[in-house]
Each structure stands twice: as C-alpha cells, then as structure tokens.
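Q: Need a 3D model of the following:
(6 chains)
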6 protein chains.
Amino acid sequence: MLSCVAVVRSMTKQGCGMDLMQVVKQLERFAPTTLAEKWDNVGLLIEPAKDKVVQKILLTNDLTEPVMSEAVDKKVDLIISYHPPIFKPLTRITMGHWKERVVASCLVNNIALYSPHTAWDKIPGGVNDWLAQAVDIEDIKPLIPEPGAEPDTGSGRLVKTNMPLAKIVSALQEHIENDVHMACANGHNSNFNVKTVGICAGSGGSVLQGVPADLVITGEMSHHEVLDFNHNGTTVLLCNHSNSERGFLRQFQGQFVDRLKGACSVMISEMDTDPLTTKQRAN
Amino acid sequence: MLSCVAVVRSMTKQGCGMDLMQVVKQLERFAPTTLAEKWDNVGLLIEPAKDKVVQKILLTNDLTEPVMSEAVDKKVDLIISYHPPIFKPLTRITMGHWKERVVASCLVNNIALYSPHTAWDKIPGGVNDWLAQAVDIEDIKPLIPEPGAEPDTGSGRLVKTNMPLAKIVSALQEHIENDVHMACANGHNSNFNVKTVGICAGSGGSVLQGVPADLVITGEMSHHEVLDFNHNGTTVLLCNHSNSERGFLRQFQGQFVDRLKGACSVMISEMDTDPLTTKQRAN
Amino acid sequence: MLSCVAVVRSMTKQGCGMDLMQVVKQLERFAPTTLAEKWDNVGLLIEPAKDKVVQKILLTNDLTEPVMSEAVDKKVDLIISYHPPIFKPLTRITMGHWKERVVASCLVNNIALYSPHTAWDKIPGGVNDWLAQAVDIEDIKPLIPEPGAEPDTGSGRLVKTNMPLAKIVSALQEHIENDVHMACANGHNSNFNVKTVGICAGSGGSVLQGVPADLVITGEMSHHEVLDFNHNGTTVLLCNHSNSERGFLRQFQGQFVDRLKGACSVMISEMDTDPLTTKQRAN
Amino acid sequence: MLSCVAVVRSMTKQGCGMDLMQVVKQLERFAPTTLAEKWDNVGLLIEPAKDKVVQKILLTNDLTEPVMSEAVDKKVDLIISYHPPIFKPLTRITMGHWKERVVASCLVNNIALYSPHTAWDKIPGGVNDWLAQAVDIEDIKPLIPEPGAEPDTGSGRLVKTNMPLAKIVSALQEHIENDVHMACANGHNSNFNVKTVGICAGSGGSVLQGVPADLVITGEMSHHEVLDFNHNGTTVLLCNHSNSERGFLRQFQGQFVDRLKGACSVMISEMDTDPLTTKQRAN
Amino acid sequence: MLSCVAVVRSMTKQGCGMDLMQVVKQLERFAPTTLAEKWDNVGLLIEPAKDKVVQKILLTNDLTEPVMSEAVDKKVDLIISYHPPIFKPLTRITMGHWKERVVASCLVNNIALYSPHTAWDKIPGGVNDWLAQAVDIEDIKPLIPEPGAEPDTGSGRLVKTNMPLAKIVSALQEHIENDVHMACANGHNSNFNVKTVGICAGSGGSVLQGVPADLVITGEMSHHEVLDFNHNGTTVLLCNHSNSERGFLRQFQGQFVDRLKGACSVMISEMDTDPLTTKQRAN
Amino acid sequence: MLSCVAVVRSMTKQGCGMDLMQVVKQLERFAPTTLAEKWDNVGLLIEPAKDKVVQKILLTNDLTEPVMSEAVDKKVDLIISYHPPIFKPLTRITMGHWKERVVASCLVNNIALYSPHTAWDKIPGGVNDWLAQAVDIEDIKPLIPEPGAEPDTGSGRLVKTNMPLAKIVSALQEHIENDVHMACANGHNSNFNVKTVGICAGSGGSVLQGVPADLVITGEMSHHEVLDFNHNGTTVLLCNHSNSERGFLRQFQGQFVDRLKGACSVMISEMDTDPLTTKQRAN
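A: Numbering: from 1, shown residues only, chains lettered A, B, ... in the order given. Modelled structure (predicted):
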C-alpha cells in the first residue's frame, strides 16, 4: 500500500474542477487508448451523467470494494483504475457480484471510472519503464515494438545492464517496497552478473516467452512457465502481480496534476494493496 | 400505444410497498426464468441497492428513452420490460449509447429492472396464448413443447380453428388494435377457410419454420421467409414485432396486482408503442 | 406489380435472337459479377443446353412459381431474376420443394436463368441509385466504396438533400408506387428538414448500421434495428423488401434492349409482386 | 465392365411400368436411406416431374457422362447410381462442369436419379457382404454395428476364414473379375494362412483403421495408410475403388426385378467401368 | 526438496527387479490412468526397449534436467514423474529444447518414464487427500466427484474443520515444510474460525471456482482469481505449485515399495524442488 | 527397390566424417526447409546427442522398420528419410506403435534423422523435376510458383511436350522402373498426342486440381479425383505414391557426396520399396 497524500500543486484556479471530457482528453494525450491490446477494455468505462465536472480524482491499481468505499467516503468524482473493473462484459448489474456492485456504486454515487491498462504499459515512461528503473539501465527498448507508434512504445522492455543478481534483487525490493520471489536458472547464483533483463509488469509469461535474457522481472508467472525460463538459462524474479505495477501511480500522480494545471485534486488510494503476503515458515 | 391506467385494487395495505426480492419471487412464480431460451438474458437485470422497497411498477414492451423518462417522471421503483434492455453484454456504461444511458438512468434514479421475455412466451396464459385469442380456438398446443415442463408450456402455438381468412384479419386488427400486413399463399383468398394457425409473438421466422398450417401469425418476418411460407401453402399475417406482444401487458397487469395483493401500484407505459406506422399511398 | 409491356425497339434484325453466351457477356458488361458479395450466388445459374439461342427474356425480382408459370406460358428463353433462386446450395432437385421445382422447370422447359443481385446493387446507375431517385439529390456517394472499382461503385448510398420529411414520404410512395412504413426518430416530425439520407435497397440493417444520417430508406429492417436507428437520431422509411428494388427493372429494361440492339424481346413479369400488403384497421 | 443384359422376368404385366414413388418405396424397403452416413447424400436426387412412370431402370456404379449418354440412348426412366452424382451441393447447373451436365441431362431427358451409397454398404446382403464372398466365410459380422438396426447391419465386415494368402488373391481376382494390388505385412508371404479379414468396399482407410485382422480388402487406400496396416501385421489387398463395389449390381439386379414383380426392366450399364487399368512394365 | 532415502523393505528377492509391464500394472492398480482428465497425458510415456527389467525407480514431481542427471548418475530404470514431461506433443527430438533433451536422455540411457498426474489427484488417498492433511479434518469429500468411480474419488476436496486461520497457516507450513502466501478475505483475520476449506493441489483456480468455503488451499492462482475469491468471502492460501504436491511422494514411496514386494528400490529425487523461493525485504 | 551401392568419391579425407550440424547446413543449402509447406514437419527431427559426428548416411523414401533395421545393421549415423517419420506429433514413445519404435531405435542407436519432404518437392532439380524427366521437356515451370523464391521453385510442374500417350507410358515405366496405372480421358487413346503434362510427385490430387493439361502424372489419386480429371479432358497416370519419388534418391546421392566433399559415405536403402505390387488376373 503506497502512502497516500493528495497532490495539489499551487495554482490560480485550484479547486475549480474540470469537465470530465476534458480530463479524459488529457488522459488520452498521456496514453492513447488506441495503443491498448485488442482483448483489453480501456478508456472511460463509466460516465454517470452528462456534463459531469471533476474535482477529485482517485488513483488505484485495482478497484476493490474497500477502494470503492474509500472513493465514496472521499466524495471523489473520478476513479482511475489501472486494471479495468469491467473485463468480462456484463449481462446485468445486481448486488450479487462484487464487480456489479462496484459498477452500481459508481453510478449511484455519480463517480466516473477510467481504465488505461495496456495503454499505460506500452507508452514511453509508462508502467514497464517504471518497473525497469529497479535496475541500472544501460540501454532499454520495447520487447514488442508497437507498429506505427512513437519510438520506445510497445509491450515489455529489454534492458541492458551490468549488475550481480543479488544486487538486482535488493534494488527491486526497494523499488517495489516489497518481497520478491526468485527462481534461479541452472548455473546462476547470487554473484551471477546479469547483462540482459526482460521486463513485463503484471502477468508476463506470454510477452516474455523466448526472450533472450539472463533475467526476467514480472508480477506473476505459472510454475511451468518458470521451469521453461530456468531451463533456457533465464532467472525469474516475481513481484506479485500488482506490486509490479502499483508504484507507477505515484509517478503518474505528479505528472497528471501538472497536466490538469491543478484544476483537480489527485489522490492515491489508501486501501489499494496486493492481496497476497508471504508467511515465512518459522525455523 | 395502449391506454394507460394504473390498476390498484382496493385493499387494506395499499401503498405500503413490497421488498424487491419478494416482487421478483412473484414474477418467478408467474413465469420461471429457467424457461427462457439459452441465448436470452432474463430476470432481474438491474438492482440499484440492497433492500430496495417497491411501491410503483411500470410495465413496458420496450424500454426506450421516452419510456425511461416516463419512469423517472412517475418515480417508479421497478420497470418490467418484456424485451431485455441489456442483450449484447456491456463493456462500459456511458452517455454515448442509448442502452447504456437507460442502464445508467435506472441506477442513478434507483429504479430496478426486470425482463421476462421468452419465459413469458412459453408459459400457459402467456404472450403466445394472448396472441392466439385473435382467432376462434378449437384446440391449442405449443409448437415446440418444453421438455420437462408443465403441460401447455413451450414455444409458439398451433391452433385449430374454422374461420374464413378475411374474418381472421379483422379479428386480429381488433385484438392488436392496429393494422395487419398480409401475404397470401398461392391459391388462398379472403374466403379461404382457415383450419390451422401457427402463432409466434415477435419474430417468428425460425420457430414457425415448416409448421404445417394454413396460416401463420407473427410480428415480423423477412421477405425470403414470407416467400417460403407462401410457397408451402401458408398465408402469413404480420402485426409488426411489438404489436404482436404489447397487448399482453394489460392482461398481465390485472393478474399481477392480484398476486401482489395490492402492495404495489402497477402501471402500463403511456410512451411505449411500436416504432413503425404505415403511410398509405394516396390513390 | 409493374405494368408489363415488352420493350422491343425498332431494329433491322428484330426477332433474330442472340446466343446465350453473348447475352451473358452483355449482362457482365452492364454489371460485372465480380462485384457481387462473397456470400452471394450470382451469374448464369442455369444453362439448360449448349449453344442456346435467346429470343425472349423475362425480368423479375423474385422467381416465384407464378412467375415461373408465366415464363413457361410466354415461352421465354432466359429469366433474369434479381434475387438468385438458388441461394442455399442444392443437394437434390425434386418436386418436394418450390425452389427445386423452379430449377427443374427451367431445365425441363429449356429456359436459362441469370441472377445479378448484389452486382446490380453496387454499380453506378444500379438498384441503389434508382431507389435514391425518390429524393432530391444534391450529392450522392456509396456508403461502402468498392475497393479497386470504378468511382461511384459500392454498397448503399449516402445522399445529401434538403427536403421536409413529409415530402420525402410522398415522393417515395410515388417512386415505388406503393405504401411506406415510417418510424420517426425521437424529436423528428413531418416538418423535420432532412439533410442526409442513407439508402440501401432490400434488407439494409447491416449496411446502414451506424450511418450518420437524418433518415434511412430501405426495404425491411428488424424491430430492434429500427429502435437503434431511432435512438441514434435517424428516422426509418421501409418500402417492403422487393418494393425497394423492383422499380429498377423498368429502367434496366430499356437500357438492356439497347445493349442487345433489339435482338431479343425483353419483358417484365406481370406476376412478380411483393408478397405483403397492409390491411388497414377500419376506424 | 460387367456384361450387360437386361433382366426382365416372365410376368403378367411386363412392360406396364410403375409409378416412380412406388419404385422408390421398394428401394427404401431394400435398404432404408436412414442407414446412410450423416455426410452422405442419398435417396431420390432427381425427380424431373410429378407422377412419373418408370418402365426402364439403369444400374451403374458411377454416373459418368458415357453412362449418361447410354441412359439417354436407351430411353431409361430411372438411373440407380450407387455413388451419388450430387455430393458437393450445387450452386448452379450449367454446361461448364460434368456433374452439372449430368444433372441437367437427367432433367431435360425426364430421367429420375436415385443413389443408395452407404445405405447399400451397411445392409445385410449389401455391397460389403458381396465383397466378402471372395473368401471362404466361417463367420462374418459388421466392423461397426449399426445402433438400433437389424442384426448384421453396419459398416465394414470382419470375416473369419482359413485360407492361404495366395489363394485369397486368386479368389478375389475371380470375384471382381480384375487385377488386385497387394502390400504384404512384414513377415507375411504367399503361404501365410489368413484367419481374419477386414472388408470395406470403396475407400476403406478410416473404417478399417485399427482392425485386428491378418488381411484387409478394400478398393483404395493411401500410401501412408498402407504402411500403417503393414506395420501392424496386416496385409492389404486393393481392388481399385469401384471394382470393390460394381459386382454387387448384378446381384441386386435379380433381386430388384423380383421386388418390382416385373413391372420394370432393369439393366446394368455397359459403359460403367473403373477408370484405372494397370500397364505392366515389359520385362 | 525432500530428504532422499531409498526405501527398500526387507524381503526375500530384494534386488531381483521386476518387468516394466508388471510395474506399470501396479501403478495402474494404485491409480487407473482412465481417471485422468481428457486434456492430460498420462501413463507410460517412454518405453526404451522391449522386456525391460526395473530395479531402481526414481520419484520426482518435475523431471527437470538436474533430476534427469541424477537419474542417469544413479542408473535408475524407471522415473515416475508426477507432472508429464511430454505435454505439448513433440514434432521432433533434438538437443535444442530441454524437454526434448530429457526425452532423448531417457531413451539413450535406457530409462523408462511414467506420469500419473491427474489420476493421482483424484484417487482416495492421493495428492489432494495428502494436501488436506494440513488441516484437522471433520469431513472430507471430492469437489467434483468422478462419475462412475469409487466413492471419495474426484477432483479437489471440500473439508469441514474447525480451526482459527492462524493455526491453519502454521499447520500448512509444517505440512509442506515451506513458506505460505496468504490473501485474506474482506473481514477475515488471524482469529477467524475456519469451518470449510476447498483444496486443490497444483493450479486450483478453475477447480475451486465458486466453491462455498471460508478458505481455499492450492499451489498457485492468478491475481484476478485471488481478488475474486477474497470478494466472495474466501481467504486464499498458496503453497507454490509443486510444494502443494511434492510431499505426497514420500507417502507414495512407502506404499509402492510394499506393492512391489521389494522387487525394486524406490528413491525420491534429491534434486527435485520448487523453483521459486521468497526473498524477504530487509526492514 | 533401387540397386544399392554406396557412393564414395575418391578424396583425400575419405572416412573422416563431418559434424552433424555441418551436414545439416549442407542439406539446408541444397533445399532450405523454409520452403516446406506449413503443415509439413521437416528438418532435423532426431538429434540423439550433442556434437555428433556423421560418417555413414542412409537415404530412404520411407523409414519403415525393415529400413530401420538396415540402418542399425549398417551402423549409419544419419538417416535422410524423404517422408517425415514423425508427422502426427508424439505424446509418448513406446514399443506399442511402429513410428514410436522407429524414433526410439534412432535415439537408442545414436542415429540422427533428417526429413526434407516438400522442400525437396519445390526446389529446381528436386523431386518433381526428376519425375518430369520421364517425358520430353520442351518447357517446364512450377504449377504454383513459390512467392519470393528462386525462379523455377514451387509446387508441381507444368510441362510442354509433344509425345503420343503410349510413348509416355513406356517412358514413365522405364523412368520409375515399375508398372503404371492409367485412366484415359473421354476421347483419348494410345495415339493421342500429348502437348501439356501436369506433374506432382506423391499424392497430387489437390496440387493438380484444375490444371489445364492433356495428362497428369502423380503417385496416387482417389477414384473421385480420377473421374473429375477424366471428365475435364485429362488423362491420369499413377505410379504408386513412393514410386513417383524414390528414383530421385539416386540423383541426390551423387550430388550430395560432392557437396560433402567425400567426408561421409552416402548409401541408398536396400529395403526401401513401395508396399504395393499389382497381381495381374490370369486370363
């Protein structure tokens, strides 16, 4: 859970708010939703009324029910949830399923909802570039460059570096402010000097598949995927899914307040956190 | 458009209202949603809050935006819309599409939504049985009996009768209170004595396909389907889609007030009407 | 039903006839069958014998059994049926199904059969351009331009005009010589001044989908499609499927006689008519 | 090519003919078309007119153009073609493809067409039982018994016998009156004593797959299928496709004349023959 | 990694070995491969030669290359690998992919390979029942009972218990001899008294979906699956994939030595271990 | 069966052998496996160990068990089998299926396996060009030119010639050293002067479909394909599948020895032969 302080830069019209469609326009400028994957569901997902004015914005990685309650309590006007709360399309909106309750709560409480997901993953300076900052970067480029897009745009990242594995583990722990899970390739150990790193925030098994790297860093990966990487000479570091993404919100927070010229207050959720924690076996 | 008068029977606790889940239970008793087709989307589609109490119910065939405005103006608690307003599953709820606006309006205005659709088509005393009342019925049975269900349950109806075609046309016009479109089978004319009639409210092309009847009555049918029926010796009468269904609402209105023992007021929409009208060419 | 007069221009070799393959070549020049949709079945569908000579040609919209009888009675050599009588491929040809009877009748009576269908829809001066003549045309272009084809070729038409809705209704009734069915968009009325019209002969629901027009004119459309158009601000005028197409035959008749230089007589069917007629409810 | 003599038994009403539908009824009694495979296209495939009377019937294995000419020359009323001439459904009937020419010729010359195909394969006393007569039969049963059918009905046959391979080859040559192609299993030779034989007329690769037999006899089989059988210890004898089926026609001819009580004359085609002949390399 | 001691019970014919097919028969008696899922690939996967005699057997959860080297070094005759090393079917066997290298190594070193996978999951006393021993069991039954099988057979387990969550966590750590990852349901904490537990060794997301339990225990689960469980009131405990399965090998080892009556020596791999370990962030 | 003499040209380092990967590189230069069809499985299929040195190479059309035994007996290091012995991907490798036995035998006996299949069909100077040598070639080009490849590369061949049919039959018998099967087109006979020939080694039904040729030559073709060719005016000559391919091995043998500069000995299998032989019926 990130420490949560609303960032509102000093400005003339502080608190005046901004029309929702103007905020969406700024979000699109930051990261065009046309970049998102075909299977993804991004952009303005809930618009509770016409001509809605936005004063308070809440950033979250996952729009869980505790985060939803927080949004209602704080009377925010717009939630920006990195993961889209509507992914499987809805055939009904009832109190019987948590995702439907979240959607209903947004509408009933007049809160708009925007999700960027894979658009944020792909942009230069986006989620993957943030995750890559855990290592010393000598060179960085997308693993799958986006056809027809700006340079440095695309899925995943391939980083050139020059660090011992143990040092990368420590640096990554500090960067995500959390534990890390490691699977060493045959022949690697703490002193192994890592030259190339594949990066993919979230669930990176398919984007990283076959990447020629000493190390891959991602959020989660299945057992059989991990074995494949290790046997191809690649060590695996897992952060837990949302811990590989959440820290980007703080970087975004500052940038977005500037883009909005202070018209809105931008907060990071205090309730948003990765669900998993490791319980170490006592020795 | 049906004349719209709220039916509230004299009773002791008139106006007290009823819990939404109790109203849904009565709707399920009237026509179990398990009867609906696999491809259909029926039941409680919008539940805006827990423990909602229902005092006013609005019946409509289609939940168009004029009907939605009427519901808001009349402060109803529950809309029963024969056709499900959510059919193609929703990936977002914005002001950009009329079906999403309707869904948002229900939630923002705290109005629940229930759709029965093909469950009402199949039950004895349902929409198809209501449409069949246009002809003198000597015998009636479902075209596709529902496996494992009560007798007289199923899709479409096959009616035995004994009426000249011209008389059926007039009777159908009176029953649906509207114009009728006719395509005569080769060899049929106004005096042709009809013995068997296939009935299917709505869009009956596939349910009625191959039915061995002198006549079929449905709401709409494509040109090539009409030609097929005519060449198989079957005259076709079309009512327009919703005109083959809407009149059932008045029959349902009375029955449902009784089921609810007057706890809720049940109105029929004044704005609900078939979109199409025929403009006759001046001679 | 169009008035039926065989058009045979005065010429030197009147009555001499023309080889079937030469007639087909002229039909291909008029509208190349390569323009037809992938799912369509167009061109010479029945060729009963080699080296067939054509003296009499019958034009029809649908090759129904009454039209087939007319063709046999009039001893025609070639039927040009706008709609292909063979659409679902045949596994047998028996007396048990009307389409198989029609095919057998052509072969037994030595009558060839040609269908142009969507090739005629797409060409400049084809069926859609004919239907568009119902309105005052300020500008006209295809809705879906045909890649790699002549200009003005493609599916559907988008017309710029400047007429009150009521005047368009009258003009359309005169153009198709028949009744018209109307569904008004929310906010439209008889005086609404129409600026843009989407046109699609036949069943236009999918070609017209999402067209940004005040009005669409087509032959038939389903109830739920009509509601969608009306809620998107588009009024709908329906002609009945074949009434949106049939009138083109008269225009074609004259052009084709000229192309054949009078070698063949070209008749329009007297039995071809839309199967549906509207029976108005007496007030 | 089988010697062709029309079989007309002495009878009272010889030459009087029989209504086509009565002949079809007798064909259905001989082998119900409900037995045919789902993918097959059997039964009355061409019925050129109502109330057709049949006096002359022509039997053939394949309805090639030479056989079609023979049928026209001999003025037959009905062709019974074991293989269905319409297999891939027809989208048109022109002079451009031989199968369409055959269909047109049937209709133009008022000749009906019936195909039994896999229905004849499955019945007791059908094509597979005929082919099995090439070996001494100690026991015989279907390879794939037909669910719900008479005993001894089904696809393929499994025969118990006791003959040296060389003797079976000679007997099969005599039975089909033609050459035979052989692929010996590893370890088999002319003296190998065959105890079990899998039989499938026509193209038997899939029906015979995995059959536990010393030998399989069929019409044709692909190279890779032959290698599989040989490596599973099964010798393969191939007759050429139609040579494994054609001889059954003579057996059917006598039986069917009796069924029709002499009302029709039943001929075997003189032009029907397997297309392939082996040209031996001169030594 | 389990401590590895070959278990060879005292017996008369110790070291004599057993024919591979006899060992396979005993494995089938222990858990019939017909129980395995349709998508699985189980049973004898590599048989390097006919009439192979088995003296040494190595048990492993995953047949990684370190385990393969161990097997070669220890000159084992048969590897029993819980996970099938051949899962995606092979189009070639080269040195370029680790799974192909493992297969080649088995064949070149004359080592047979058997995988039981989901057959072992489903049997009573199998992998899921072993995992369930981590909690106090008041009642236990399969989540998806196997149709037509012995009682207590099927996928997953549903356990009734009565333990505080914190105590289950400790017990599970001891049972798997490793760390555990936890995601608490909204409202749960260490003192929450667990009454029902869903169990699924390996990757349990789909088998456990919708299970009405206070807690689920499995090997691995995706982030979005974990959020769903937590919002449905279910706490999640993850062991890492193979740690939820590996401990069963020791239980199997003893049972199988008895079944083989000491004819073979049965070892557990010293090199088999879950690839992932958690690196805790220093505070 | 081709006469089998190992060709080892006189050279300095005869017998020294060559690294397997170098041999594969020469095979790729001869015919790049990127040319093979998408559905094919070509290249190095079995590599039993790293750094394998190849001294003896065995060429075969099909890797049957007799050929496999020959390879073991002759202690070859590499088998080049035109047809890929692994086609349907393998889920296991046991003694229960002959293809699995062959794969196991390669690995156990340290023999590598390479298959070129459709890559050899397409190259200039490959299998199809070899088969075409049976006729006098005035002009030759691929039936389906390979996009982006060298000229004269592609599937099948179309040959211009000028020979009477009878002469082609004799020439083909000599070229393949075996019998030939013929199906004459309607109107063709021995004296028919052939001008165009379609060529496809193996099973040519689909590659040759619709080719405008007087004659097609291939290995095998189904009965219904043969009838189609004959009715389209094309005579068919069949060689048996592998007889249309095997002779190319002798041509390849000499070329490949030269490519390898004598480092390896290259033999043709003595056991490889087409499984089918024709047993003529005694007259």
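
Q: and stretch A:130-148 with chain E, contact?
A: No - against chain E, stretch A:130-148 shows no contacts by CB under 8 Å from any CB of the partner chain, the least distance being 12.6 Å. Quick note: C-beta positions are derived from backbone N, CA and C, even for glycine.

Q: repeat for stretch A:59-72
A: Yes - interface with chain E: stretch A:59-72 contributes A:62, A:64-66 (CB under 8 Å from any CB).

Q: Can you point out the buried residues in that stretch?
A: A:59-68, A:70-71 (16 or more other CB atoms under 10 Å in any protein chain shown).

Q: In helices only, show me the residues of stretch A:59-72 next to chain E.
A: Among the residues of stretch A:59-72 next to chain E, the members found in helices (DSSP state H) are A:65-66.

Q: from the residues of stretch A:59-72 next to chain E, which single one is nearest residue B:134?
A: Of all these, residue A:65 has the smallest distance to residue B:134: 51.8 Å, by CB to CB.

Q: residue boundaries of the strands in the stretch 1-150 of chain A?
A: Along the stretch 1-150 of chain A, counting by DSSP state E, counting those that start in this stretch, strands occupy A:18-19, A:43-46, A:53-54, A:56-60, A:78-81, A:112-115, A:139-145.

Q: strands paired with the third one, and their directions?
A: Looking back up the chat, that one is strand A:53-54. Taking DSSP bridges as the criterion, strand A:53-54 forms sheet pairs with strand A:18-19 (antiparallel).

Q: Residue numbers of the stretch 51-200 of chain A in contact with chain B?
A: Going by CB under 8 Å from any CB, the residues of the stretch 51-200 of chain A near chain B are A:86, A:89-96, A:103-104, A:107-108, A:110.

Q: hang on, the earlier thing: may I ask which two of the buried residues of stretch A:59-72 are separated the most?
A: A:59 and A:65 (17.1 Å).

Q: What is the burial count for residue A:50?
A: Counted with other CB atoms under 10 Å in any protein chain shown, residues neighbouring residue A:50 total 9.

Q: Check residue A:169 too.
A: 19.

Q: can you tell me if the strand or helix carrying it touches chain E.
A: Per DSSP states H and E: residue A:169 is located in helix A:165-176. Yes - on the criterion CB under 8 Å from any CB, helix A:165-176 is in touch with chain E at A:169-170, A:173-174.

Q: elements contacting that helix?
A: strand A:180-183, strand A:193-203, strand A:215-220, strand A:235-238 (3 or more CB pairs under 8 Å, 6 or more residues apart in numbering or on different chains; DSSP states H and E).

Q: can you give me phi and psi for the residue nearest to residue A:94 when sequence neighbours are not counted?
A: Spatial nearest neighbour of residue A:94, chain neighbours left out: residue B:47 (4.0 Å); criterion: CB to CB, 6 or more residues apart in numbering or on different chains. Main-chain torsions, residue B:47, degrees, to the nearest 10: phi -130, psi 100.

Q: Next one, pLDDT for residue B:47 please.
A: We have a pLDDT of 97 for residue B:47.

Q: which residues does it contact?
A: Residue B:47 makes contact with A:93-96, A:104, B:20, B:112 under the criterion CB atoms under 8 Å, 6 or more residues apart in numbering or on different chains.

Q: now do residue A:245
A: A:61, A:82, A:127, A:131, A:201-202, A:219.

Q: Can you name the residues that contact residue A:153?
A: Contacts of residue A:153 (CB under 8 Å, 6+ apart): A:35, A:122-124, A:142, A:145-146.

Q: May I see the buried residues of the helix holding residue A:169?
A: A:165, A:167-173, A:175-176.

Q: Check the contacts of residue A:245 against chain D and report the nearest one.
A: residue A:202 (45.9 Å; CB to the nearest CB).

Q: so what's that closest one closest to, chain neighbours aside?
A: residue A:219 (4.9 Å).

Q: Likewise for residue A:187?
A: In space, residue A:187 is closest to residue A:233, 7.3 Å off (CB to CB, 6+ apart).

Q: Point me to the helix or strand that includes that neighbour.
A: Using DSSP H and E, residue A:233 falls outside every helix and strand.

Q: Which residues are in contact with it?
A: Contacts of residue A:233 by CB under 8 Å, 6+ apart are A:185-187, A:214.

Q: Can you flag the buried ones in the residues you listed?
A: A:185, A:214.

Q: Mind picking the two most distant members of the contacts of residue A:233?
A: Farthest pair in the contacts of residue A:233, by CB to CB: A:186 and A:214, 12.5 Å.

Q: how close does the residue of the stretch 151-283 of chain A found nearest chain C sit to chain B?
A: Residue nearest to chain C within the stretch 151-283 of chain A: residue A:153 (29.7 Å; CB to the nearest CB). Applying CB to the nearest CB, to the nearest Å, the value for residue A:153 to chain B is 24 Å.

Q: again with residue A:49
A: Distance, residue A:49 to chain B, by CB to the nearest CB: 7 Å.

Q: so of the residues of the stretch 51-200 of chain A next to chain B, which ones are in helices?
A: Per DSSP H, the subset of these in helices is A:103-104, A:107-108.

Q: And those, which is closest to chain D?
A: residue A:103 (46.1 Å).

Q: any idea of the pLDDT on that closest one?
A: 98.

Q: show me the contacts for it.
A: Per CB under 8 Å, 6+ apart, neighbours of residue A:103: A:46, A:85-86, A:90, A:93, B:93.

Q: For residue D:263, state which of the residues you listed is nearest.
A: residue A:90 (69.0 Å).

Q: rewinding a little: columns mean pLDDT and mean neighbour count on top of the helices and strands packed on helix A:165-176, output as a markdown table?
A: A markdown table is the format used below for the helices and strands packed on helix A:165-176 (pLDDT from 0 to 100; neighbours: other CB atoms under 10 Å in any protein chain shown):
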| stretch | mean pLDDT | mean neighbour count |
| --- | --- | --- |
| strand A:180-183 | 98 | 23 |
| strand A:193-203 | 98 | 23 |
| strand A:215-220 | 98 | 26 |
| strand A:235-238 | 98 | 25 |
